[in-house]
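Chemist: Here is a sequence with its predicted model. Questions after.
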Amino acid sequence: MNITSIKTNTIETVKEEAKSHGIEQKTLTLVLLAAGKSSRFNGIKLAQPITDLNANNVLVEQPLLLHSLDKLNYLADYLTSQNIANNIVVILGNHHDTLSKLLPSSTAYMINEKSDFGLSTSVKVGVEAALSANANGLLLALGDHIGVTYQHYIKLADLWLTQQNSVCASYQAQLGVPAIFDSEQFEALTYLKGDQGAKPVLQQLAQNHRLTCLDLPNAINDIDTLDDFLKWQQQLEN
């Protein structure tokens, strides 16, 4: 794994440098991938109420989908405070009839009609969302990625703002999402096939020394089965 060293540039320094050199201001589309079948969960996973800490460290019960969306809303507020233009899009597929009704009316969503053909099809819809917004960055996040916290997203965005390349999470010596891709990688993301996630693109970027990684050991935790969900809730209770 090739990981570039993390520079110490501050966000403000980068923004001032960009402005002085006439560089286009960064804009970011935040995509929450929520089109899965929940085939291993025995129910609609993202509609499952979950009790977890919110951004204010208060336990809140809400559907898993909204808990994940809340983290991106928190990141969006942070980006806005940094004068970084942004928008959030939720990608729905299987179960969109149920899940779309859970979303606040102000939340933009797109339906992946090809979600049965695998995760890659949702990534492509996410790229379409970023292109429609004329964004020069795309964050991909998973709706069931319970191990990624509010602050993890902030740290990842800070890296993207201060580094001049794509960034991603790293856990158990693997590259993965959440990840932020510069617009130069949008086309490569559309070449993914079947149930591939973005890992092949991340691996290629790492080989070319064009990727910065954020070590997030807890990001190994996601919700695939009801047993995963019950164990996560039990950890919080303890």
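Modeler: Yep, that arrived. Numbers count the residues shown, from 1 in each chain.
Chemist: in this protein, which segments are predicted with low confidence?
Modeler: Within the chain, the stretches with pLDDT under 70 are 1-19, 21-24.
Chemist: Just give me the residue right at the centre of it.
Modeler: Centroid-nearest residue in the chain, with C-alpha atoms, centre = their mean: residue 141, separated by 2.0 Å.
Chemist: Confirm that residue 169 sits in a strand.
Modeler: Yes. Residue 169: assigned to a strand according to DSSP: H, G, I helix; E, B strand; the rest coil.
Chemist: Can you flag the residue of the chain lying furthest from its geometric centre?
Modeler: Farthest out in the chain is residue 20, which, by C-alpha atoms, centre = their mean, sits 30.5 Å from the centre.
Chemist: Pull the number of nearby residues for residue 133.
Modeler: Neighbourhood size, residue 133 [other C-beta atoms under 10 Å]: 17. The C-beta positions use only the backbone N, C-alpha and C, and glycine is treated the same way.
Chemist: ok, it to residue 126 distance?
Modeler: As judged by C-beta to C-beta, to the nearest Å, residue 133 and residue 126 stand 11 Å apart.
Chemist: Report the set of residues contacting both of the two.
Modeler: Residues touching both residue 133 and residue 126 by C-beta atoms under 8 Å, 6 or more residues apart in numbering: residue 29.
Chemist: on that earlier part again, elements contacting whichever strand or helix holds the residue nearest to the centre of the chain?
Modeler: Element membership for residue 141 (DSSP states H and E) is strand 137-142. The contact analysis (3 or more C-beta pairs under 8 Å, 6 or more residues apart in numbering; DSSP states H and E) places strand 137-142 against strand 27-34, helix 64-81, helix 119-132, helix 150-162, strand 174-182.
Chemist: would JSON lines of these with mean neighbour count and distance to residue 201 be doable?
Modeler: Below are these laid out as JSON lines (neighbours: other C-beta atoms under 10 Å; distance: least, C-beta to C-beta, whole Å):
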{"stretch": "strand 27-34", "mean neighbour count": "26", "distance to residue 201": "14"}
{"stretch": "helix 64-81", "mean neighbour count": "20", "distance to residue 201": "21"}
{"stretch": "helix 119-132", "mean neighbour count": "21", "distance to residue 201": "9"}
{"stretch": "helix 150-162", "mean neighbour count": "20", "distance to residue 201": "15"}
{"stretch": "strand 174-182", "mean neighbour count": "23", "distance to residue 201": "7"}
